[in-house]
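> I would like the atomic coordinates for the input below:
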Amino acid sequence: MDPCPFVRVMVDSLALKLPHATKPAGSGVHSSTTPCFCEMRIKNFPPQTALLSLSTSTNDSPPESSTTSAHGFNLDPTALRRLSGKPITLRVSVYTGRMGSTCGVTSGKLLGRVNLSIDIDAAQTSPRVIHNGWMKLGKHSDKPSARLHMTVRAEPDPRFVFQFGGEPECSPVIFQIQGRDIQQPVFSCKFSADRNSRFRTLPPDFTSKNNRGWRRTFSGERERPGRERKGWMITIHDLSGSPVAAASMITPFVPSPGSDRVSRSNPGAWLILRPHGFSVNNWKPWGRLEAWRERGPVDGLGYKFELVTDNGPGSSITIAEATLSMKKGGEFCIDSRLLRDQGLNYSRSPVKGFVMGSSVEGEGKVSKPMVQVGMQHVTCMADAALFVALSAAIDLSMDACKLFSHKLRKELCYDEQNFLS
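Next up, the predicted model:
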């Protein structure tokens, strides 16, 4: 199983040093220590922005510990082929004032720009430090000007790439992508929707009646057909037909009282399972995914993913939490840089670097998830299958969180038709 080449460009240790005569412009909402921001651009990639902390370090000494970072740029095989033999330019523009834009025009006042050339071909074989230190923003060497500190690195980040051959609820074959036109079947999946399902065989710690951490339902409402979505399960099989991973809906998706949406206070949940022991019916939890439909100006699918430890649900470790647009979709991602930016408990997390990313289409659109898994997190096919099962669960959560005033497609509710008949 060969990975695909990826290159990651990372921008860290961002800080700004202003000349004494310069005062921050604009009436932005930043604190006195971070009145500036920068915008980073690589041609044909979405721009990124990051706040800049102000440094008081003297001369060329490194900035204090309170620096910031950007999410970075990920160059996939298609981009690498397009840019082969061509150095790319990272342009960093520094502004004072309000971060954001109005009618496509950046709101802040431009302080200056710096450009860095990156040899992407070299970065495919070994890590490269492109720049580490201060750079002057002004054009005139004889005048005081602001200075920007940053560390820019480019390094290989090989990933295994998989794609569902159809929508997960249609039980498609799953292919590994190994080149521009090379697709090799590696898994099959089986979707089922059983209204009368109960816990699959799990260790006693996870099925105890006293362990309420795994399942939560409204105790005051009687469950009614059509007002709950439960019993969904997708099982991933290897080419021999043996089950190697699964995602099981452990908590039903039900609307909150008086509404037709799944709320954050009572989310639906999945367990991501791996085989346990020699029986094909025995499973051990690996992760837990919660999902709900966010209220507010942005109609979004909220989610939280936790790694399960052997100590049970009380000691689970959150490694991903975000919101995806219900209309446009987006990418489900597990990445240590995102953990840090989201303020999650980074010190407890075992996540290092990029772990996985999975495409999620918007509500009502045909979805064939594309899954990327960092090579360092895969030691065997069963490891990869866990991430494939997780990607199916987040994709199906988009359907599970559909407003209850709208009908689901037939593949997701055939059990309900049988129940009513």
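> quickly list what the residue positioned nearest the centre of the chain is bridged to.
Nearest to the geometric centre of the chain sits residue 333, at 1.4 Å (C-alpha atoms, centre = their mean). Beta-bridge pairing for residue 333 (DSSP bridges): residue 357.
> just residue 174 next, same as before
Per DSSP bridges, the residues bridged to residue 174 are residue 164, residue 187.
> please name the residues that touch the residue nearest to the centre of the chain.
By C-beta atoms under 8 Å, 6 or more residues apart in numbering, residue 333 lies in contact with 320, 322, 356-358. Backbone N, C-alpha and C define where each C-beta goes, glycine included.
> mark which of those are buried, thanks.
The neighbour-count test (16 or more other C-beta atoms under 10 Å) marks 320, 322, 356-358 as buried among the contacts of residue 333.
> and which of these is nearest to residue 145?
residue 322 (37.9 Å; C-beta to C-beta).
> for residue 365, report the pLDDT, please.
pLDDT for residue 365: 93.
> chain center to the longest helix anywhere in the chain, what's the gap?
Ordering each helix of the chain by length in residues (DSSP state H) puts helix 381-400 first. When distances are taken as C-alpha atoms, centre = their mean, to the nearest Å, helix 381-400 is centred 13 Å away from the chain's centroid.
> how about the contacts of residue 333 in JSON lines, adding pLDDT?
Compiled in JSON lines, the contacts of residue 333 are given as follows (pLDDT from 0 to 100):
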{"residue": "320", "pLDDT": "93"}
{"residue": "322", "pLDDT": "94"}
{"residue": "356", "pLDDT": "97"}
{"residue": "357", "pLDDT": "97"}
{"residue": "358", "pLDDT": "98"}
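> so which pair among these is furthest apart in space?
Greatest spatial distance among the contacts of residue 333 (C-beta to C-beta): 322 and 356, at 13.4 Å.
> name the residues contacting each of these two.
By the contact definition C-beta under 8 Å, 6+ apart, residue 322 and residue 356 are jointly contacted by 332-333.
> can you map out the helices along this protein?
Remark: helices assigned in the chain by DSSP H are 77-83, 120-123, 336-341, 381-400, 410-420.
> wait, which of the ones you listed is closest to residue 37?
helix 336-341 (14.3 Å).
> may I see the buried residues of the closest one?
336-339.
> residue 393: which of those residues is nearest?
For these, the nearest to residue 393 is residue 338 (18.8 Å; C-beta to C-beta).
> check contacts around the closest one.
Applying C-beta under 8 Å, 6+ apart, we find residue 338 in contact with 71, 320, 322.
> can you check residue 147 too?
Residues near residue 147 by C-beta under 8 Å, 6+ apart: 16-17, 134-137.
> now tabulate these in CSV and tack on pLDDT.
CSV is the format used below for the contacts of residue 147 (pLDDT from 0 to 100):
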residue, pLDDT
16, 91
17, 89
134, 93
135, 92
136, 91
137, 90
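> could you identify the most distant pair in these?
Pairwise distances among these were taken by C-beta to C-beta; the largest, 11.8 Å, belongs to 16 and 136.
> overlap in contacts, those two.
146-147.
> more neighbours: which of those two?
Using other C-beta atoms under 10 Å, the more surrounded residue of residue 16 and residue 136 is residue 16, with 28 against 15.
> quick check: that one vs residue 278, distance?
Residue 16 is 60 Å from residue 278, where distance means C-beta to C-beta, to the nearest Å.
> tell me the buried residues in the longest strand anywhere in the chain?
In the chain, taking DSSP state E as the definition, the longest strand is strand 312-325. Under the neighbour-count criterion of 16+ other C-beta under 10 Å, strand 312-325 has 312-313, 316-324 buried.
> again with stretch 121-135
Going by 16+ other C-beta under 10 Å, stretch 121-135 has these buried residues: 123-124, 128, 130-131, 134-135.
> need the residues that contact it.
By C-beta under 8 Å, 6+ apart, stretch 121-135 touches 5, 7, 9, 13, 17, 60, 80, 84-85, 90, 114, 116-119, 147-156.
> any idea how far stretch 231-239 is from the chain center?
How far stretch 231-239 lies from its chain's middle: 22 Å, per C-alpha atoms, centre = their mean.
> stretch 181-197 now?
Distance of stretch 181-197 from its chain centroid, counting by C-alpha atoms, centre = their mean, is 22 Å.
> average pLDDT for it?
For stretch 181-197, the per-residue pLDDT values average out at 87.
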